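Participant: fold the following and give me the result.
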Amino acid sequence: MASTQDILFEHKGHAGLVTLNKPETLNAVTDEMLTALNAQLDIWERNNTVKHVVIKAVEGRAFSAGGDIRHLYDTGTVGNFDFDFFAREYALNARIRKFPKPYIALVDGIVMGGGVGVSFHGSHRIAGDKIGFAMPEVGIGFFPDVGASYFLSRLTHHMGPYLGLTGNRMKSSDCVALGLASHYVPSDRFAALEDALITEPDAELAIAGFAQQPEAAPYLAYAAYVERAFSAPSLPDIFYELNTMEDEGGDIGEWATKTLAVLNGKSPTSLAIAFRQIRDGGALDIDECMKMEFRILKRILTGNEFYEGIRAAIIDKDNAPIWSPAALADVDPKDIDAHFAFLGNEELQLP
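Facilitator: Predicted structure coming up:
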């Protein structure tokens, strides 16, 4: 079966198996990998002997830690923005969400960015013990893409804006409690679950034999705090509420202080974009979300914040980005509106 070195495909029994196989880069997804996966889904969608698709990663620290942001920096700073790569990625994200057969992601280790896009849109999202989910993009002047406007906007307790703006990491119990993951299976049972999905044509039945109740979700202990602050109708209102909570002291004050410290390190422009996209995404279907994100993407890549964020994080590694504007109060609402404006004949085309 056709495979590339970095992504492997195999048809065994009732399952089409996908393996992310680039551990030296934490399985960061590339254009070649996404193109190969899309082509393989074409084959398996038409093959009646393939009852479900299973995507996993080689054992290591990560399921997939995102995309190759250094490549985007190197190409973008010389004016080559590679919009076509994102168009293909976003179309694949939407396709996975709508795939007509069970699409089962066995997710263990770090999962961010592009890795989220090829896993968390699946019908079944199995969290292992080592999962570390996060959408930290606002910290590098980017935005939570790959369909985050769809799935973050649908989380309870206003956890979507909280996760999208802070970039905080979630473990298995929180992922299951929030519905980011559909099931928890201990990591040491993943291989046996894969075998069951090969031999059992009913994915639900196979998974039911391994799924367990995770431990209590630590982030949900703060759900009332999150709901109070992040249900605010605007981003300035969120900051106002967090400052009010900080003044109250005690546990709530400590939580608010930590949350403010995280938010104050992010790009103000990216915070404003992420807040709006998650707010608006709740009323959109997956295709509409991906089109919205493509509009944002084209403006982000032709701006400055993203390249400053990457410079600070991985080029100079000083972790001291100079955001422009530097304060949320100085972000021009018209500039944010421009990120969401229609692209005319450059709109993302989806089948």
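Participant: only C-alpha atoms from now on, for both contacts and neighbour counts.
Facilitator: Fine.
Participant: low-confidence stretches in the stretch 251-351 of the chain?
Facilitator: Applying pLDDT under 70 to the stretch 251-351 of the chain flags no residue at all.
Participant: show me the helices in it, by range?
Facilitator: 268-281, 286-301, 305-310, 333-339 (DSSP state H, counting those that start in this stretch).
Participant: tell me which other helices or strands the shortest one touches.
Facilitator: Contacting helix 305-310 under the criterion 3 or more CA pairs under 8 Å, 6 or more residues apart in numbering; DSSP states H and E are the following elements: helix 69-76.
Participant: which positions within the helix it packs on qualify as buried?
Facilitator: Neighbour counts over helix 69-76 (16 or more other CA atoms under 10 Å) mark 72-73, 76 as buried.
Participant: cool, and stretch 327-338?
Facilitator: For stretch 327-338, the buried set under the neighbour-count rule, 16+ other CA under 10 Å, comprises 328, 331, 336.
Participant: chain center to the helix or strand where residue 92 lies: distance?
Facilitator: Using DSSP states H and E, residue 92 falls within helix 83-98. Counting by CA atoms, centre = their mean, to the nearest Å, helix 83-98 is centred 13 Å from the centre of its parent chain.
Participant: give me the angle between it and helix 286-301.
Facilitator: Put simply, helix 83-98 runs at 160 degrees to helix 286-301, going by axes from the mean of the first three to the mean of the last three CA atoms, to 10 degrees.
Participant: which helices and strands does the helix or strand that helix 83-98 is followed by pack with?
Facilitator: The element immediately downstream of helix 83-98 (helix or strand, assigned by DSSP H and E) is strand 103-107. Where contact means 3+ CA pairs under 8 Å, 6+ apart, strand 103-107 is packed against strand 52-57, strand 124-127.
Participant: residue 148: which of these is closest?
Facilitator: When the helices and strands packed on strand 103-107 are compared by CA to CA, strand 124-127 sits nearest residue 148, at 15.0 Å.
Participant: show me what that closest one is packed up against.
Facilitator: Looks like strand 124-127 contacts strand 103-107, helix 172-178, strand 183-184 (3+ CA pairs under 8 Å, 6+ apart).
Participant: repeat that with 6 Å
Facilitator: The contact analysis (3 or more CA pairs under 6 Å, 6 or more residues apart in numbering; DSSP states H and E) places strand 124-127 against strand 103-107, strand 183-184.
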